[in-house]
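pasting a predicted model and its sequence here:
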Amino acid sequence: MKRVIVESPYGSTDPEIIERNIAYARACLRDCILRGEAPLVSHLLHMQDGVLRNEIPCGTEAGFVLGQCADACAEKTVVYIDLGISGDMINAMERAIKAKRLIEYRSLGSPWVTDASCEIVQH
């Protein structure tokens, strides 16, 4: 299995958007597994109820530190774009570039295509 780091939107001030983003991240995780990949989706791990929240800086930082460990073994960063690209996702892409890791953009398509709450940024 190829090791990949998955990036998808998470944070919002709207609890419904966060729930949608969690469902989307789970769909992205499943997509990777069906492709024969071993995905790391740190925002699903650290942002679970009772663990951390996105507005706590150490929660995002913990994901970045875990990502640094993955940098040594992950073959690429996979960015799922159906819901847009958030600021945290841009930071993750910049880290991937510094680590000389490939970045692949993916879309799950319908029903996930939406008028995104995050702006899609070309990188």
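That came in fine, so what should we check first?

quick check, Trp112 in a helix?
No. With DSSP: H, G, I helix; E, B strand; the rest coil as the criterion, Trp112 is assigned coil and is not in a helix.

ok, it to Glu75 distance?
Trp112 sits 24 Å away from Glu75, going by CB to CB, to the nearest Å. Where C-beta positions appear, they are placed from N, C-alpha and C, glycine not excepted.

any idea how far Arg101 is from Cys32?
15 Å.

so between these two, which is more surrounded?
Neighbour count, other CB atoms under 10 Å: between Cys32 and Arg101, Cys32 has more, with 22 against 18.

name the SS class of that one, please.
helix.

surely it and Thr77 touch.
No. Counting by CB atoms under 8 Å, Cys32 stays clear of Thr77, with 11.5 Å between them.

so what's in contact with the two at the same time?
Val4, Val6 (CB atoms under 8 Å, 6 or more residues apart in numbering).

tell me the secondary structure of Lys100, please.
coil.

look up phi and psi at it.
phi 60, psi 40 (degrees, to the nearest 10).

mind checking which helix or strand of the chain has the lowest mean pLDDT?
helix 57-71 (a mean of 60; mean pLDDT, DSSP states H and E).

all strands for the chain, in order.
Per DSSP state E, the chain carries strands over the ranges 2-7, 37-40, 76-80, 102-106.

direction included, what does the second one pair against?
The one in question is strand 37-40. In the sheet, strand 37-40 lines up against strand 2-7 (parallel) (DSSP bridges).

alpha carbons of the strand it pairs with, as CSV, please.
C-alpha atoms of strand 2-7 as CSV (Å, rounded to 0.1, in the frame of the first residue of the first chain):
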residue,chain,number,x,y,z
LYS,A,2,1.2,3.5,-0.8
ARG,A,3,1.2,5.9,2.2
VAL,A,4,-0.6,9.2,1.6
ILE,A,5,-1.4,12.3,3.7
VAL,A,6,-5.0,13.5,3.1
GLU,A,7,-6.0,17.1,3.2
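
okay, angle between it and strand 76-80 too, please.
Relative orientation of strand 2-7 and strand 76-80, computed by axes from the mean of the first three to the mean of the last three CA atoms, to 10 degrees: 40 degrees.
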